[in-house]
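Novice: Using only what follows, build the 3D model:
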Amino acid sequence: MAVLLVSAAVVSACSSDKKTATPATAGATTPTAASTGSTAATSGSTAAGGSSTTAGGSTTTPPAGQKGGTITIGVEQEWDCLDYMGSCGGSTYGSWSVLFATTSRPFDFVKDGDTWKYKASNLLTGEPELTNVGGKQTVTYKINPKAVWSDGTPITSTDFKYTWSQVTTGTDIYDTSVFRDVEAIDDSDPATVVLTFSKANASWKDLYESYGIYPSHLLEGKDRDAETKDGYTWSAGPYVLQQWNKGVGATLVRNDKYWGTPSLVDKVELKFFADTAAEFQAFKAGEVDVIGPQPQLDAIDAINAGGLPGKSVVDANTGNVEALWINNAKAPFDDKVVRQAFAYAVDRDAIVNKLFGGIGVKKAVNSLNPPILAEFSNQDAFSQYKLDLKKVDSLLTGDGWAKGSDGIYAKGGTKLTFEAKTTSGNKRRELTLQVLQQQMKAAGFDMTINEQKAGDLFGQQLPAGDFQMALYAQTATTLNPGLSTTQSSVNIPSAANNNSGNNWTRTNVPGLDDLLNTVDVENDDAKRADAAKKADDLMAADMVTLPLDPLPNIGFYGDRISGDFSINVIQGPWWNVSSWSVKS
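Specialist: Below is the predicted model of the structure:
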């Protein structure tokens, strides 16, 4: 499963949270207890009692709207860079806003009933062919002859090969999963891409989904990162990035060379906001037409209060998992007993209910796999960890800790203290850690809070292991199961992987790598699901990290625009902006 960091959940992330670079499953059909489904609420109604239910990324085409005009989108977090391969390119908002609007990928993410699926995109002539040639897994793509770059140059197999080469041979790469298992690409036929894998890999559909295809005719022989990190002029999507005014916003204009359905509007303005409150005020004032904020407290209160312009959509069946991510290699959490005692000291349901009870999300999630991956996970794996102070005391005293006169446990003259980091300016996270701090004090832990800029936290401190615990979210960026990117020991940042590994928690549990590898390479879904569930159980038994909530997705859509307003679990709340129109 590929993952992103969004102030809720994305990686090496230049976003306030982390995007995971290889997971999300094709068929999560069973919502968890925390999952309420996608509910659309018209102005004046609550999320729980909305007037209709959205399809959340259906392929239904709405009636043709008026052409022309500009749609303005409020973006809560500015991305750090636009080289999606680089460690700075992991922003969820960057992907929602620019990546999906200006790049092309082999697959689209579509919703079919309650299930999310891969569907071949218009970059291809049809579904790719998966075969075994000479004992090796082979994938063949047939490129749509209409597919061209914004300068009119055809997209060819060499573009696929160039992109693969950059990921596998570059440095400071966000994630190399799946790509590194491709041993060769045959680009002898410009219209046909033939990939040969060095070993079986069930996540092959994830290839190119997190980065898109890069234009070899423009970038070959140049410094890719330097050419793209501050923006680029080429496109293979419905829009071209016209400008990125750092600290202010960005502008997308219609790509007249796009071979798919052209955008109805001429332009999309992306306006950056420093925090959710400012973004929300701009929406209510009509300064922006659309926002996809993190589910902050004021946004939830506003939904429940009613009186908002247009329509709001809340979806808790997400690709997100917000968790208390623990550094398993740093004291005091390098001790499994301490990690387990910590988990029994937390009343997670109380925290989740305080944060999201008003929109119907009241129970903690119990897997590091997001709700949409229920079919390929044990969504009850961590359910044993409920508030139990007697259990806390039993574990700690059995491990040599004793509670002092100040009520804090200590061992060998060292107090049981730790620091929890999170992103600054996030009121919901501030409240979460304040409640957690109170719970920790009652349980005998001394906890401090340290808020950091998103770029510093995700770009420097977490990859370097400079933390004991951190509150953020992981967001799946594909529909493929698997947690090897963030939980396999081979992905602990090190010189061996050019410090590009995303296992920031330094998780290293005996037997876990093999199970996660099975999920990655086994093409039999039943066997993949069995291995994934066993991996969940193993991580829970070792208490590697404590999952908290599904971080519901929220979208607000103003009165000035019309269209199919829904949330795509991977591509976000403005995934289909090119089909929207401005009302006359």
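
Novice: Average pLDDT for stretch 558-578, rounded please.
Specialist: Stretch 558-578 shows a mean pLDDT of 95.

Novice: For the residue located most distally from the centre of the chain, pull up the helix or strand it's in.
Specialist: In the chain, residue 405 marks the outermost C-alpha relative to the chain mean, sitting 43.8 Å out by C-alpha atoms, centre = their mean. If you go by DSSP states H and E, residue 405 is not part of any helix or strand.

Novice: oh, and call the first residue 41 from now on, that's how I've got it
Specialist: Got it, first residue is 41 now, which makes that one residue 445.

Novice: pLDDT score for it?
Specialist: As predicted, residue 445 sits at a pLDDT of 96.

Novice: ok, it - contacts?
Specialist: Counting by C-beta atoms under 8 Å, 6 or more residues apart in numbering, residue 445 makes contact with nothing. C-betas here are computed from N, CA, C, even on glycine.

Novice: Give me the nearest residue to residue 268, chain neighbours excluded.
Specialist: The spatially closest residue to residue 268, leaving aside those adjacent along the chain, is residue 123, at 4.3 Å (C-beta to C-beta, 6 or more residues apart in numbering).

Novice: My read is that the one you found contacts residue 269, right?
Specialist: Yes. Counting by C-beta atoms under 8 Å, residue 269 is a contact partner of residue 123 at 4.2 Å.

Novice: residues shared between the contacts of the two?
Specialist: Residues touching both residue 123 and residue 269 (C-beta under 8 Å, 6+ apart): residue 129.

Novice: quick one: which of these two has more around it?
Specialist: Taking neighbours as other C-beta atoms under 10 Å, residue 123 and residue 269 compare with residue 123 leading, 27 against 19.

Novice: mind checking how far that one is from residue 368?
Specialist: Per C-beta to C-beta, to the nearest Å, residue 123 is found 30 Å from residue 368.

Novice: Same question for residue 146.
Specialist: 35 Å.

Novice: Who are the contact partners of residue 178?
Specialist: 170, 171, 172, 234, 235, 236, 237.

Novice: which one of these has the most neighbours?
Specialist: Busiest of the contacts of residue 178 [other C-beta under 10 Å] is residue 235, holding 24 neighbours.

Novice: Give me the phi and psi for the residue lying closest to that residue once chain neighbours are set aside.
Specialist: Leaving out its chain neighbours, the residue that sits closest to residue 235 by C-beta to C-beta, 6+ apart is residue 179, at 4.6 Å. When quoted as degrees, to the nearest 10, the phi and psi of residue 179 stand at phi -120, psi 130.

Novice: try residue 139
Specialist: phi -50, psi -50.

Novice: Surely it touches residue 252?
Specialist: Yes. At 6.0 Å, residue 139 and residue 252 qualify as touching, with contact defined as C-beta under 8 Å.

Novice: hey, what's in contact with both of the two?
Specialist: With C-beta under 8 Å, 6+ apart as the test, residue 139 and residue 252 both reach residue 124.

Novice: picking up where we left off before, I'd like to know how far the residue nearest to residue 235 sits from residue 168.
Specialist: For residue 179, the distance to residue 168 - C-beta to C-beta - is 6 Å.

Novice: And for residue 321?
Specialist: Using C-beta to C-beta, we find residue 321 at a distance of 46 Å from residue 168.

Novice: Give the buried residues for stretch 179-194.
Specialist: Across stretch 179-194, burial judged by 16 or more other C-beta atoms under 10 Å covers 179, 181, 182, 183, 184, 187, 188, 189, 190.

Novice: Distance from the chain centre to it, please.
Specialist: Taking C-alpha atoms, centre = their mean, to the nearest Å, one finds stretch 179-194 lying 28 Å from the centre of the chain it belongs to.

Novice: what are the phi and psi angles of residue 522?
Specialist: When read as degrees, to the nearest 10, the backbone of residue 522 gives phi 130, psi 140.

Novice: now swap in residue 485 and tell me
Specialist: Note on residue 485: backbone dihedrals following degrees, to the nearest 10 are phi -110, psi 140.

Novice: Spatially nearest residue to it, not counting backbone neighbours?
Specialist: Using C-beta to C-beta, 6+ apart, the closest residue to residue 485 is residue 456 (5.4 Å).

Novice: just to revisit the earlier point, pick out whichever of residue 321 and residue 168 has more residues nearby.
Specialist: residue 168 (20 against 14).

Novice: nearest spatial neighbour of that one, skipping sequence neighbours?
Specialist: Counting by C-beta to C-beta, 6+ apart, residue 181 is the residue found nearest to residue 168 once chain neighbours are left out, at 5.0 Å.

Novice: Having no further points to raise, I will conclude here.
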